[in-house]
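**Student:** Coordinates for the following, if possible.
(chains A and B)
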Amino acid sequence: MAEATITASGVGKRFRLHHKRATSLKERLLLHRQASSEEFWALRDVDLEIGDGLTVGLIGPNGSGKSTLLKVLSGILAPTTGTVAVRGRVASLLELGAGFNGELTGRENVYLNAAILGLSRKQTARQFDDIVAFSELEPFIDNQVKHYSSGQYVRLGFAVAVHVDPDILLVDEVLAVGDESFQRKCLTKIAEFQERGCTILFVTHALDLVPRICGRAVVLDHGRVLHDGDPVEATERLRTLLGTAADQSGGGAVLGADRPRFARIRLFDPTTGVHKGHFSTGEPLAVDFDVAAPAGSPPVSVRLAVTGPADVPLWVMDSDPLTFGPDGIATVRFTVKELPPVKGIFAFAAALRDPGTKVTYDARRFPEAFLAAGDTATGIVDVAWNAEQVETPGEEERDRAAGDRRRSEL
Amino acid sequence: MAQMQSAADARAAAQTRVRLELLAELVRKDLKVKYKNSALGFVWSLANPLLYLAVFTLVFSVFLDNGISWFGVLFMSGLLVWSFFNLATLSATGAVVGNANLVRKVRFPRIVLPLSSVGFAGVHFVLQLLVFLVFLVPIYPQAFGPQLWLAVPALAVAVTFTMALSLLTAALNVRYRDVEHLLEIALLAWFWLTPIVYRVALVQEQFSKAPWLFKVYMANPMTAVVVAMQRAIYRFPVSTKDGRVVQVLPADGYAFYLRWLGVAAVVSVVLLGVGLWTFRRLQADFAEEL
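**Tutor:** Numbering: from 1, shown residues only, chains lettered A, B, ... in the order given. This next block holds a predicted model:
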């Protein structure tokens, strides 16, 4: 199959803000010359290509054009300038259950919604049981949708949408709904999509999700692409933009433009060199820090602390003093050969400091740097253990054990 | 190259099939929603034409005594196809605006929205027509003759014309919501300008001094459709009632009807082109205008 891609080149979208909008012929005639409207560019010069099975997070402040971009990419809105070229089957989830009819039953709505999303009746019939099972609405599937709770409504909508089986999935902030167990289910489904090589672009305000799920993140601000690349860096840039960057000057860092500072951070799998935010315990992990230092800076080294669940620092790594090239940039790579058997969401606390005086020039905290998952379902530690059924001890043996217990009680 | 062509053809065919299925699904939805929780269900859709039949027969056959035998049959022959046209265009005009939530949030071929309204009206029409024909079997068996085939081209023209107008008004209504109101008024006038409650031969007689006016009158595609339906079901151009002889339809042969259906077909196809072009041009902005 041909690679599925969406390519946006030079896309701009202009909205007219009508102070008084002509929605009738009379108004149209009266307002003919003096139509008062203001132009507003929701998107400007957006060049973006998504495809190759990568999951891309689209983040940005409110009103930065995320939803507009999603609508343009999915073909609901026509761009004012530029072009959008689409290859492959695209499904967009801008609103779950859009087009549900309250008078119809859940079953009827599944067929209707699936048809709107491009499935034939036969295809829907084949997937019907899966859809219902995923939505966990078996007992209510023949009730009218108007009697559903909003959570049930959304669950059914998501269940239909994810069974459309697209090459590219565009998701607006729909994952924010539903209870925790359903959200987990959605994330599992997304992981499944990822495994199948489906490209996903999703808008979210849950920044902690981005480095965990996405291989790439795009930051949009005032309709322009501010950043397109590493997700950890993207969330950091957005946090800076929003003024919520954690610990910007933490650790008593020496401020000033001419101080050495962190320029870039990149988290990846050292065996493949590909960005990753989602690891398994026991896997290797590598992280690169680019450090920029003005000429004549004092010597610096990097200290990286990895903090695990419950904010417990798990281990700390120190680099040797860095040597800077003529461009004033040095890169240090920390490699962990095997992640410890601890599961959870890990944070990085990185500090740039003078190895001698311990003066900190720059300190950054990346609260949701990566996630490590293990084999066991619960608990935070992956321990090699075994449970087996053994022969029940005979009476004699039990008596002896009882005797032992009695003795130990004494 | 040929392979690529056939792959493209297959894709286009698959796409068309998916669209038709979506269309069917939307029609099914409309029917379900309309008749859910109603004990009589579809029977209600017969109430409207029956009421018309009773009132118009009383007024035109009894009070005004137009001298037409079997006036009810003549009236219903034209009324049912007119009701289809009326219901289809009115509901199609509001179809895009009425599904604003869907249009703003989901990508799908917008054209299925007005077309599903036409389909919805079409299902009603077919059922009403069947009920009407069943009633005719015992009371008016003369309807079942070879002339009934005239209904086929007449209905083909009716469907084409209805789709054409529906696409045009549905698209325009997104920008100018008065299209809906204008159409409602226009349909009222249009109903009386179409020979449904009176005989078309009367118009021909009145315009005998200026035959070109009759031609203008006949150029209305719905007139050609209604007159052809009357010829197909009512069958006899001349009626005799209580010794009075009345010319109901203009001609005995089929040439007159086929000629005007031909004109209506040309008008419909041209309008369909205009409707499709307009709809395609405007649909890119639907999500924004709603």
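
**Student:** what's near enough to touch the residue most central in space within chain B?
**Tutor:** Nearest to the geometric centre of chain B sits B:Phe85, at 2.9 Å (C-alpha atoms, centre = their mean). B:Phe85 is in contact with B:Ala121, B:Ala158, B:Phe161, B:Thr162, B:Met222, B:Val225, counting by C-beta atoms under 8 Å, 6 or more residues apart in numbering or on different chains. (Glycine included, C-beta is placed from N, CA and C.)

**Student:** same question, B:Leu80
**Tutor:** Counting by C-beta under 8 Å, 6+ apart, B:Leu80 has contacts B:Pro49, B:Phe125, B:Gln128, B:Leu129, B:Phe132, B:Met229.

**Student:** I'd guess it is in a strand, am I close?
**Tutor:** No - counting by DSSP: H, G, I helix; E, B strand; the rest coil, B:Leu80 falls outside a strand, being helix.

**Student:** What's the end-to-end length of stretch B:184-203?
**Tutor:** Here the two ends of stretch B:184-203 are set 25 Å apart, with distance taken as C-alpha to C-alpha, to the nearest Å.

**Student:** Which positions in it come out as buried?
**Tutor:** Within stretch B:184-203, the residues that count as buried by 16 or more other C-beta atoms under 10 Å in any protein chain shown are B:Leu187, B:Trp190, B:Phe191, B:Thr194, B:Pro195, B:Ile196, B:Val197, B:Tyr198, B:Arg199, B:Val200, B:Ala201, B:Val203.

**Student:** Help me confirm that the first one comes into contact with B:Ala88.
**Tutor:** No - applying C-beta atoms under 8 Å, one finds B:Leu187 not in contact with B:Ala88, separated by 10.9 Å.

**Student:** next one: phi and psi at residue 171?
**Tutor:** Using chain A here. The phi/psi pair for A:Val171 (degrees, to the nearest 10) reads phi -120, psi 120.

**Student:** likewise B:Val267?
**Tutor:** phi -60, psi -40.

**Student:** any idea how far B:Ser166 is from B:Pro221?
**Tutor:** In this view, B:Pro221 and B:Ser166 are 14 Å apart by C-beta to C-beta, to the nearest Å.

**Student:** How about A:Ser92?
**Tutor:** Here A:Ser92 is placed at a distance of 27 Å from B:Ser166 (C-beta to C-beta).

**Student:** So for those two, which residue has more residues nearby?
**Tutor:** The neighbour comparison of A:Ser92 against B:Ser166 (other C-beta atoms under 10 Å in any protein chain shown) goes to B:Ser166, with 27 against 24.

**Student:** Which residues of the stretch 101-250 of chain A lie near chain B?
**Tutor:** Taking C-beta under 8 Å from any C-beta of the partner chain, the part of the stretch 101-250 of chain A that reaches chain B is made up of A:101, A:103-104, A:108, A:111-112, A:115-121.

**Student:** Most neighbours of all the residues you listed, which one?
**Tutor:** Going by other C-beta under 10 Å, A:Ala115 tops those with 26 neighbours.

**Student:** Kindly confirm my reading that that residue is in a strand.
**Tutor:** No - the assignment for A:Ala115 by three-state DSSP gives helix, which leaves it out of any strand.

**Student:** For it, which non-adjacent residue is spatially closest?
**Tutor:** With sequence-adjacent residues excluded and distances taken as C-beta to C-beta, 6 or more residues apart in numbering or on different chains, A:Ala115 is closest to B:Glu25, at 3.9 Å.

**Student:** From B:Leu31, how far out is that neighbour?
**Tutor:** From B:Glu25 to B:Leu31 the distance is 11 Å (C-beta to C-beta).

**Student:** Same question for A:Ala4.
**Tutor:** Noted for A:Ala4: a distance of 37 Å to B:Leu31, by C-beta to C-beta.

**Student:** who's more crowded, these two?
**Tutor:** Between A:Ala4 and B:Leu31, counted using other C-beta under 10 Å, A:Ala4 has the larger neighbour count: 20 against 17.

**Student:** Make sure the more buried one is actually in contact with A:Thr199.
**Tutor:** Yes - counting by C-beta under 8 Å, A:Ala4 sits close enough to A:Thr199 to count as a contact (6.3 Å).

**Student:** Are there residues contacting both of those two? Which ones?
**Tutor:** A:Gly51, A:Asp167, A:Ile168.

**Student:** returning to what we had before: ok so the residue nearest to A:Ala115 is a helix residue?
**Tutor:** Yes - inclusion of B:Glu25 in a helix is indicated when three-state DSSP is applied.

**Student:** Please list all residues in contact with it.
**Tutor:** Counting by C-beta under 8 Å, 6+ apart, B:Glu25 touches A:Tyr111, A:Leu112, A:Ala115, A:Ile116, A:Arg121.

**Student:** For the second one, what is the enclosing helix or strand?
**Tutor:** Element membership for A:Leu112 (DSSP states H and E) is helix A:106-116.

**Student:** Export that helix to PDB, keeping only CA atoms.
**Tutor:** Output in PDB follows, covering the C-alpha atoms of helix A:106-116 (Å, rounded to 0.1, in the frame of the first residue of the first chain):
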ATOM      1  CA  GLY A 106     -27.600   2.800  20.200                       C
ATOM      2  CA  ARG A 107     -27.600   0.100  17.600                       C
ATOM      3  CA  GLU A 108     -29.200   2.200  14.900                       C
ATOM      4  CA  ASN A 109     -26.800   5.100  15.700                       C
ATOM      5  CA  VAL A 110     -23.800   2.800  15.300                       C
ATOM      6  CA  TYR A 111     -24.800   2.000  11.800                       C
ATOM      7  CA  LEU A 112     -25.700   5.600  11.000                       C
ATOM      8  CA  ASN A 113     -22.500   7.000  12.400                       C
ATOM      9  CA  ALA A 114     -20.300   4.300  10.800                       C
ATOM     10  CA  ALA A 115     -21.900   5.100   7.400                       C
ATOM     11  CA  ILE A 116     -21.200   8.800   7.900                       C
END
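
**Student:** what's downstream of it, the next helix or strand?
**Tutor:** Remark: after helix A:106-116, the chain's next helix or strand is helix A:121-135, criterion DSSP H and E.

**Student:** Which neighbouring elements make contact with whichever helix or strand comes after that following helix?
**Tutor:** The helix or strand immediately downstream of helix A:121-135 is helix A:150-162, counting by DSSP H and E. Under the contact criterion of 3 or more C-beta pairs under 8 Å, 6 or more residues apart in numbering or on different chains; DSSP states H and E, helix A:150-162 touches strand A:90-93, helix A:106-116, helix A:121-135, helix A:180-195.

**Student:** Residues contacting helix A:150-162, please?
**Tutor:** Contacts for helix A:150-162 (C-beta under 8 Å, 6+ apart): A:91, A:93, A:95-98, A:100, A:106, A:109-110, A:113-114, A:117, A:131-132, A:134-137, A:140, A:145, A:148, A:174, A:177-179, A:182, A:186, A:189, A:193.

**Student:** List only those of these flagged as buried.
**Tutor:** Among the contacts of helix A:150-162, those classed as buried by 16+ other C-beta under 10 Å are A:91, A:93, A:95-98, A:100, A:106, A:109-110, A:113-114, A:117, A:131-132, A:134-135, A:137, A:140, A:145, A:148, A:174, A:177-178, A:182, A:186, A:189, A:193.

**Student:** after the lowest-mean-pLDDT helix or strand in chain B, next one along is what?
**Tutor:** Within chain B, no helix or strand scores below helix B:2-35, which has a mean of 81 by mean pLDDT, DSSP states H and E. Sequence-wise, the next helix or strand downstream of helix B:2-35 (DSSP H and E) is helix B:43-56.

**Student:** all helices for the stretch 151-290 of chain B, in order.
**Tutor:** B:151-175, B:178-193, B:200-206, B:211-218, B:221-233, B:255-283, B:286-289 (DSSP state H, counting those that start in this stretch).

**Student:** Tell me which of the ones you listed sits most buried.
**Tutor:** For those, the largest average neighbour count (mean count of other C-beta atoms under 10 Å in any protein chain shown) is found in helix B:221-233, namely a mean of 26.
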